[in-house]
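**Q** only geometry, no sequence info:
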């Protein structure tokens, strides 16, 4: 419509071009396939949450939803004593989404850890920033990924009349409908699974991770690069039991190291560093590893006099202007030992899909965006996508609209791209800014961090943006 | 640039025929049109002599290689094969039928010719749904209109019929253009749920009035009343097929200076938002006219609200101003007046006589006392 009056280049979505997984031919075959209203491809944290959100939505009571998961069903009869090493920081906004379909109650009955403060500081200077909420509300929750997955699976079982879940099912081919309505060809998306079974759907949601098959099959451009860093995760035992409701993150020149509370005596480690150092950390023996962790948090070896003096100057100026005393730098709890076999590494990268939606296709979670873990936002952005898309689809269903219609899918895309692009850019900028120990940049970031710490409204804005 | 969309569309060209078969009893004027073959191009030139404006306008139509022209001159020709008089009692304008025939396959292209109608669903579906939900005490989530029987008059390609079907209603869509119904039928056949809930028929409203009298909970005539010949008969038929207490939903265009300027000149001739020749200003209906006809047929008008289209964003908005597009909701009164009114009167009279005879003895007794 508007393309006629205001020439917009991207107004017309190009027909998907061929890729390894795509087949552009018109489907004139069997019309006896089941027609689902929504198919979610990928049953990870974000995909399962999407299926749950739609399954529990009041306007979707009449609809049929299918969730395809390539892996086996993970049944957790009893919560294991040892904590899993893959944990996520869940923001209050994500917790609201999870409680909207009852998954948060299951998580509360299992285990999670709330944290109230977050201290982020530099290895090259004294600058630090301390986030906390005035009313001592929880800033976020550290939950193991297995626990979240189990809660989502339980909720999906409760709505099995509306949501069908197929495990060990991987889609091998997607066939797109013709861009223009034609008389004898089906207007739905056709999905062929590995075992030969086929389905049709009015809307395909791709939640299949950063190497998304749906995104590749649709031919959507993806801006991505690999960071020269890998993340090492481990479960650590603290030397002594503490209240442990603070999240710690220190920016070393090689990469950020973070300590996230799991219980009074346990914390989870996420250490992003160069590939060689990461491989070394995973293979070295446990005592050396514990020493490396402690010195990463405590050692002041990277401080220089010049930066220290410059930092002190700004600190003095800030203390003159601000009446309240800025809290001094605190040290995280020391680590005594590491859980055996809990050290794992995985590579890091950035990715962002140029389009989140196409006719009858939508991308959510890591399929649409992949981010560095330094801000703890990866899965929260995915849950934000789920929340937004579920809201748009719910309104569309109540208006009797065709679920695959671009008119409401572009609404979801605009809303989420605005939020995610900012967060992605900010995280990438921070990663690059803190990856160096060159003096001018260190000075810039020291003063910047101190100034941000001094301006409370700015900190509150940052916290609000990150907890959506 | 304006014609760019049409250049890209399929090779079919536009046939605009103003059928002289429509006599508007209100304004005495004639519409005449004709065809002239010029070299290898078929071009139509039309003359419209409106009663209100003493001004002649010509609209040139050419094949798909046409050049768009902003200046219109009028010439008069005679259309060879159209009937000059309408002999049958029909509200269907054969000229309008031919206009829509040319675009019958374009209904479901959401960014195509019918894009404004697709985006109008964002307003009219909630309008119909919310007003009908007021009459349902407790509705089922997911299928809020379950159990409602709706008639969609002038359904076209089924743009409004399908959303109503998805909300759970059983819908019958009728349209006089059989290509439209074919397109609609084909489109719904791919969805097993809609296939069961929707039924399409090629007919006009008058043809089904007898068999479907008082069977519908709601009748929807969206963007239709500005295309019919005889508005009073049309609305009378709408009323007849409604159950008592049933709702009539109409969306149409107001007959004002502004609707001529924006609705015809800007939308059709300059910007090409609406295909040329779709609308005739004389047939536009003002809300006052509509209300008076509805009231005289026993329908009480509940809501009249304006709609505004933003051509840049492609979205519609509700508005206080009804001088362009507007939507109306009327409810058929529950007390039946016309068909059985004579019986009631007779009954009333006999009851009165009986009452008189009853009281008379009492009066006599009193008098005696």
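**A** Right, received. Where do you want to start? None of the values given here were measured: they were computed from a predicted structure. Numbering: from 1, shown residues only, chains lettered A, B, ... in the order given.
**Q** only C-alpha atoms for contact and neighbour calcs from this point on.
**A** Fine.
**Q** hey, where'd the strands end up in chain B?
**A** B:31-38, B:41-48, B:149-153, B:170-175, B:198-202, B:216-222, B:242-253, B:299-310, B:315-319, B:325-332 (DSSP state E).
**Q** can I get those in JSON lines with mean pLDDT and mean neighbour count?
**A** Output for the strands of chain B, formatted as JSON lines (pLDDT from 0 to 100; neighbours: other Cα atoms under 10 Å in any protein chain shown):
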{"stretch": "strand B:31-38", "mean pLDDT": "42", "mean neighbour count": "17"}
{"stretch": "strand B:41-48", "mean pLDDT": "42", "mean neighbour count": "21"}
{"stretch": "strand B:149-153", "mean pLDDT": "95", "mean neighbour count": "24"}
{"stretch": "strand B:170-175", "mean pLDDT": "94", "mean neighbour count": "24"}
{"stretch": "strand B:198-202", "mean pLDDT": "94", "mean neighbour count": "20"}
{"stretch": "strand B:216-222", "mean pLDDT": "94", "mean neighbour count": "23"}
{"stretch": "strand B:242-253", "mean pLDDT": "94", "mean neighbour count": "23"}
{"stretch": "strand B:299-310", "mean pLDDT": "94", "mean neighbour count": "18"}
{"stretch": "strand B:315-319", "mean pLDDT": "94", "mean neighbour count": "17"}
{"stretch": "strand B:325-332", "mean pLDDT": "94", "mean neighbour count": "23"}
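**Q** could these go into TSV alongside distance to chain A?
**A** TSV is the format used below for the strands of chain B (distance: least, Cα to the nearest Cα, whole Å):
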stretch	distance to chain A
strand B:31-38	30
strand B:41-48	25
strand B:149-153	15
strand B:170-175	13
strand B:198-202	14
strand B:216-222	16
strand B:242-253	16
strand B:299-310	9
strand B:315-319	9
strand B:325-332	17
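**Q** Tell me which of these sits nearest to residue B:272.
**A** strand B:299-310 (13.6 Å; Cα to Cα).
**Q** Pairing partners for the closest one, with directions?
**A** strand B:315-319 (antiparallel), strand B:325-332 (antiparallel) (DSSP bridges).
**Q** ok, and what's touching it?
**A** B:239, B:287, B:291, B:294-295, B:315-333 (Cα atoms under 8 Å, 6 or more residues apart in numbering or on different chains).
**Q** Show me what from the stretch 101-250 of chain B comes close to chain A.
**A** Neighbours of chain A within the stretch 101-250 of chain B, by Cα under 8 Å from any Cα of the partner chain: B:108-109, B:111-112, B:115-116, B:122, B:125-126, B:141-143, B:162-167, B:183, B:186-187, B:190-192.
**Q** hang on, isn't residue B:109 packed against residue A:359?
**A** No: contact criterion Cα atoms under 8 Å: residue B:109 and residue A:359 do not qualify, at 12.0 Å.
**Q** who has more neighbours, the two?
**A** More crowded of residue B:109 and residue A:359, by other Cα atoms under 10 Å in any protein chain shown: residue A:359, with 22 against 15.
**Q** Quick check: that one vs residue B:113, distance?
**A** Taking Cα to Cα, to the nearest Å as the measure, residue A:359 falls 18 Å from residue B:113.
**Q** Next: residue A:131.
**A** 54 Å.
**Q** Distance from the helix or strand hosting residue A:347 to the middle of the chain?
**A** Per DSSP states H and E, residue A:347 falls inside strand A:344-353. Relative to its chain's centre, strand A:344-353 lies at 11 Å (Cα atoms, centre = their mean, to the nearest Å).
**Q** Enumerate the positions of that strand that are buried.
**A** For strand A:344-353, a neighbour-count test (16 or more other Cα atoms under 10 Å in any protein chain shown) marks A:344-345, A:347-353 as buried.
**Q** near chain B, from the residues you listed?
**A** Near chain B, by the rule Cα under 8 Å from any Cα, you find none of the buried residues of strand A:344-353.
**Q** all strands for the stretch 101-250 of chain A, in order.
**A** Counting by DSSP state E, counting those that start in this stretch, the stretch 101-250 of chain A has these strands, from start to end: A:113-115, A:117-122, A:128-132, A:140-144, A:163-166, A:171-175, A:189-193, A:198-206, A:222-238, A:246-252.
**Q** Mind giving me the packing neighbours of the first one?
**A** With contacts defined as 3 or more Cα pairs under 8 Å, 6 or more residues apart in numbering or on different chains; DSSP states H and E, the packing partners of strand A:113-115 are strand A:140-144.
**Q** That concludes my questions; thank you for your assistance.
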